[in-house]
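Enquirer: Model the following, please.
(one chain, ligands or ions: 2)
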Amino acid sequence: MKPKRIVLALGGNALGENLPEQMKAVKRTVKTIADLLEEGHQMVITHGNGPQVGMINMAMTTLSREDPSHPMAPLSVCTAMSQGYIGYDLQNALREELLNRGVRRSVATVLTQVEVDPTDPAFQHPTKPIGAFMTQAEAEEMRRRGNPVMEDAGRGWRRVVASPRPRRVVELDTIRTLADAGQIVIACGGGGIPVLPDGNHLRGAGAVVDKDFTAEILAEELGADCLMILTAVEKVAVHFGKPNQRWLTHMTVPVAEKYIAEGQFAPGSMLPKVEAAVAFAKSSPGRQTLITQLEKALDGMRGQTGTIIG
Ligand SMILES: Nc1ncnc2c1ncn2[C@@H]1O[C@H](COP(=O)(O)OP(=O)(O)O)[C@@H](O)[C@H]1O
Ligand SMILES: NC(=O)OP(=O)(O)O
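Expert: Ligands and ions are numbered 1, 2, ... in the order given. As a prediction, the model looks like this:
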């Protein structure tokens with residue numbers, strides 16, 4: 001297989017939901033990344049932060065309630081914390097996995113900001129699920145305390161926050177320089193820290209950006225051949241979770257757009273992945289997205305499983 005430049009977007013199951021789970025999960029995750037690197041692919045890695053940013057935000061809110069001298073931490077700051085928290089485990093686990101395979105490579109996490117538009121209507125309509133899953137009763141209580149909640153793709157209830165579209169990766173030049181120099185970069189974690197340009201100042205925004213959209217921008221800007229989105233399902237389905245569910249091996253752009261229009265993909269979970277894939281395919285001929293499970297990434301790259309879009 002010809003080596004490719006891949007932007008890899010890691011979903012929740014690659015990271016676990018709390019500290020001990022994360023330390024365990026990343027050990028499994030980096031085996032997949034190391035396998036892909038061994039095949040000669042060049043990788044820029046990004047990851048989600050839904051559970052983690054929710055946990056950090058809740059911890060900071062509790063601290064501020066208990067001791068008002070600690071002001072509430074905005075979601076932008078919580079995302080910055082989540083990039084450090086996840087990047088720390090991921091880069092160390094990958095470094096160690098490579099060393100165990102006799103490979104000495106530099107791995108670095110770049111704290112990354114993304115510009116968002118203050119007029120983005122998403123600020124008025126929270127859709128991004130964060131934090132742990134809740135029962136409906138817990139969700140009602142959360143709603144009563146002023147936090148919007150939503151049912152998340154049949155898996156339970158979660159708090160939802162605004163998720164504006166990313167427009168520009170602020171630290172793109174740094175990421176490109178490191179990637180071009182053959183270094184392994186972890187960047188744009190949690191979709192990037194959302195910021196609003198205000199003259200020379202970048203003001204943090206109260207939102208969580210979808211990592212699939214930021215990964216798409218990164219893949220476009222870095223001239224990647226492949227956007228790889230690793231999640232909890234091996235393939236994308238139509239009629240997901242229904243008796244007539246059908247797993248998809250390949251979607252052309254028009255077919256993906258037709259399924260999007262039919263509402264086949266759940267907002268806040270599979271929809272942004274397929275929308276990102278469509279945008280990537282449209283950005284230049286030959287660009288493809290692979291959506292599959294972490295454990296199936298190598299088979300997916302070999303065309304043996306997963307859903308290819310483009
Ligand atoms: N049409 C669909 N096909 C496959 N999975 C779907 C579909 N619609 C919703 N899903 C759900 O979306 C999930 C992936 O979204 P999510 O868990 O938010 O991603 P991430 O892995 O990035 O955290 C799948 O595990 C599945 O439960
Ligand atoms: N920020 C983000 O997209 O996180 P998840 O992938 O965990 O939803």
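Enquirer: Next, count neighbours for the residue of the stretch 1-150 of the chain found nearest ligand 1.
Expert: In the stretch 1-150 of the chain, the residue that lies nearest ligand 1 is residue 11 (2.0 Å; CB to the nearest ligand atom). Yep, even glycine has a C-beta here, placed from its N, CA and C like the rest. By the criterion of other CB atoms under 10 Å, residue 11 has 21 neighbours.
Enquirer: do the biggest helix by length in the chain and ligand 1 meet at all?
Expert: In the chain, with assignment by DSSP state H, the single longest helix is helix 75-100. No: using CB under 6 Å from any ligand atom, helix 75-100 stays clear of ligand 1, coming no nearer than 12.6 Å.
Enquirer: And for stretch 212-227?
Expert: No: using CB under 6 Å from any ligand atom, stretch 212-227 never reaches ligand 1; the gap is at least 6.8 Å.
Enquirer: Give me the contacts around that stretch.
Expert: 4-9, 44, 46, 114, 165-166, 168-169, 172, 175-176, 179, 187-188, 191-192, 229, 272-273, 275-277, 279-280, 283-284, 286-290, 301 (CB atoms under 8 Å, 6 or more residues apart in numbering).
Enquirer: cool, stretch 196-206 as well?
Expert: Stretch 196-206 is contacted from outside by 74-77, 113, 115-116, 118, 123, 161-162, 164, 170, 193-195, using CB under 8 Å, 6+ apart.
Enquirer: how many other residues sit next to residue 173?
Expert: 10.
Enquirer: Need phi/psi at it.
Expert: Dihedral pair for residue 173: phi -60, psi -40, per degrees, to the nearest 10.
Enquirer: and if you look at residue 266?
Expert: The phi/psi pair for residue 266 (degrees, to the nearest 10) reads phi -70, psi 130.
Enquirer: for whichever helix or strand residue 175 is part of, which positions count as buried?
Expert: Element membership of residue 175, judged by DSSP states H and E, is helix 172-180. Under the neighbour-count criterion of 16 or more other CB atoms under 10 Å, helix 172-180 has 172, 174, 175, 176, 178, 179 buried.
Enquirer: do stretch 286-301 as well
Expert: 287-294, 296-298, 300-301.
Enquirer: which phi and psi does residue 204 have?
Expert: In terms of degrees, to the nearest 10, the main-chain angles of residue 204 are phi -60, psi 140.
Enquirer: returning to that earlier point: from the chain's centre, how far out does the helix holding residue 175 sit?
Expert: For helix 172-180, the separation from the chain centroid amounts to 19 Å (computed by CA atoms, centre = their mean, to the nearest Å).
Enquirer: Pull the residues that contact that helix.
Expert: With CB under 8 Å, 6+ apart as the criterion, helix 172-180 contacts 5, 42, 44, 108, 110, 112, 169, 185, 187-188, 218, 221-222.
Enquirer: With ligand 2 in mind, check whether the one helix or strand residue 65 maps to reaches it.
Expert: Assigned by DSSP H and E, residue 65 belongs to helix 50-66. Yes: judged by CB under 6 Å from any ligand atom, helix 50-66 comes into contact with ligand 2 at residue 50.
Enquirer: And that helix, what does it pack against?
Expert: Applying 3 or more CB pairs under 8 Å, 6 or more residues apart in numbering; DSSP states H and E, one finds that helix 50-66 contacts helix 75-100, strand 128-134, strand 157-161.
Enquirer: Just give the number of residues close to the residue of the chain found nearest ligand 2.
Expert: Nearest to ligand 2, among the residues of the chain, is residue 48, at 2.2 Å (CB to the nearest ligand atom). As a burial measure, residue 48 scores 26 neighbours (other CB under 10 Å).
Enquirer: for it, what are its contacts?
Expert: By CB under 8 Å, 6+ apart, the neighbours of residue 48 are 9, 10, 11, 12, 15, 190, 191, 211.
Enquirer: Dump the residues you listed to CSV, plus pLDDT and distance to residue 310.
Expert: Formatted as CSV, those follow (pLDDT from 0 to 100; distance: CB to CB, whole Å):
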residue, pLDDT, distance to residue 310
9, 98, 15
10, 98, 20
11, 93, 19
12, 83, 24
15, 94, 26
190, 98, 25
191, 98, 22
211, 98, 19
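Enquirer: Next to ligand 2, which bits of the stretch 51-200 of the chain? Give me the list.
Expert: Going by CB under 6 Å from any ligand atom, the residues of the stretch 51-200 of the chain near ligand 2 are 190, 191.
Enquirer: Low-confidence ranges, the stretch 51-200 of the chain, go.
Expert: Scanning the stretch 51-200 of the chain for pLDDT under 70 picks out nothing.
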